[in-house]
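Chemist: Prediction below, plus the sequence it came from.
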Amino acid sequence: MKTGLITSETYQNHDTGPGHPEQIARVTVINENLKKLNNKNLLWKTPSTITDDIIIDTHDAEYVNLIKNSFPSKGFSSLDGDTIISPGSKQATFDAASSIITAIDGIQNKEFKNAFCNVRPPGHHSNQNKAAGFCILNNVAIGAKYLLNKYKYKKVAIIDFDVHHGNGTQDIFYNDENVLFISTHQYPYYPGTGSEKEKGKFNNICNFPLPAGTNSEEYLNAFDFALKKLNKFKPEFVLISAGFDSDFRDPLAQFNLKTEDFYLITKRILESSKKFCNGKVVSILEGGYDLQALQDDTKRHIDALLEFN
């Protein structure tokens, strides 16, 4: 079996302006680096078109209409203080959401074993009706809802190892017993949420807040506890919000993870997922703002996905 790599050239049209950390080059450097692998087991695909009914399973219809009409015809606009959009942002946004649908369908149709979606804008800070923190549509949440509604799964797990708490994803699934949300993140830090007290209606929210300066050993020890939650839940499908901003080089956070840690994190998720869902795993890019770190860390993330085939 193969690993799917879902990406689209439209990410290049999502211009966030000079000096913005969520820049076009983030996806470009990852794609260019992965192409060097020339691995026949890495199956490159572009996302299909996503329909509104799939999106409004996650986001309020009024919000979807609002953002559709928010993209400027020229120049820049903003959906919040951090989330800058330009004319080309519209197609990039909907292609990013579509990528996770394409990845899920590919696994269900046995085109590939697992998948990584290399797309932007990211999604995990966006909730049902609000853009935030560079995020417009919540890509991973759209994927989880699709698994529940289209494929009738009863247990979907989302693991978010971005250095920032996935507050939007937590909001969307706070009262949903079918979705386990696990997040490791720097705390206290943006967006201010993610304490251990936030547990969800069905004890389905599992936050692992960690202090600035957290190193590899401290992080991986905490991650073992996260995996115990995953193993107890016994998911039928696993989605990963893959943020690489916990790398020690990242300019927007203060974790001290190394490149090899992202291989170990991914490998441990895959080993756990094998027990319950035969390794059905889709990962999607969230944060990560140092370009060299992104190249190095996503390479090791993909290495783990490929090894699991």
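Modeler: Nice, I can see it. Residues are numbered from 1 along each chain as shown.

Chemist: What helix or strand is L148 located in?
Modeler: For L148, the host element (DSSP states H and E) is helix 139-149.

Chemist: other SSEs contacting that helix?
Modeler: Contacts defined by 3 or more CB pairs under 8 Å, 6 or more residues apart in numbering; DSSP states H and E place helix 139-149 against helix 52-55, helix 89-108, strand 156-160, helix 167-173, strand 237-242, strand 281-285. Just so you know, the C-beta spots here come from the backbone N, C-alpha and C atoms, and that holds for glycine as well.

Chemist: Now do it, average pLDDT.
Modeler: What helix 139-149 shows for mean pLDDT is 99.

Chemist: How about the residue nearest the centre of the chain, nearest residue that isn't a chain neighbour?
Modeler: Central residue check for the chain by CA atoms, centre = their mean: the C-alpha nearest the mean position is that of S241, 2.7 Å away. Counting by CB to CB, 6 or more residues apart in numbering, S241 lies nearest to D160, which is 3.8 Å off, once chain neighbours are set aside.

Chemist: What confidence value was assigned to the one you found?
Modeler: pLDDT for D160: 99.

Chemist: buried residues in stretch 250-265?
Modeler: Across stretch 250-265, burial judged by 16 or more other CB atoms under 10 Å covers 250, 252-253, 255-259, 261-265.

Chemist: Tell me the gap between it and the middle of its chain.
Modeler: Taking CA atoms, centre = their mean, to the nearest Å, one finds the center of stretch 250-265 at 16 Å from the center of the full chain.

Chemist: Just the C-alphas of that stretch, formatted as CSV.
Modeler: Taking Å, rounded to 0.1, in the frame of the first residue of the first chain, the C-alpha atoms of stretch 250-265 are listed here in CSV:
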residue,chain,number,x,y,z
ASP,A,250,10.0,27.9,15.4
PRO,A,251,9.7,31.7,15.8
LEU,A,252,6.1,31.7,17.2
ALA,A,253,6.4,29.3,20.2
GLN,A,254,8.8,28.1,22.9
PHE,A,255,8.9,24.3,22.8
ASN,A,256,12.2,22.5,22.2
LEU,A,257,11.3,19.5,20.1
LYS,A,258,13.8,18.1,17.6
THR,A,259,13.2,16.7,14.1
GLU,A,260,13.4,13.1,15.2
ASP,A,261,10.6,13.7,17.8
PHE,A,262,8.1,14.1,14.9
TYR,A,263,9.0,10.7,13.6
LEU,A,264,8.5,9.2,17.0
ILE,A,265,5.2,11.0,17.6
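
Chemist: Appreciated, that's everything.
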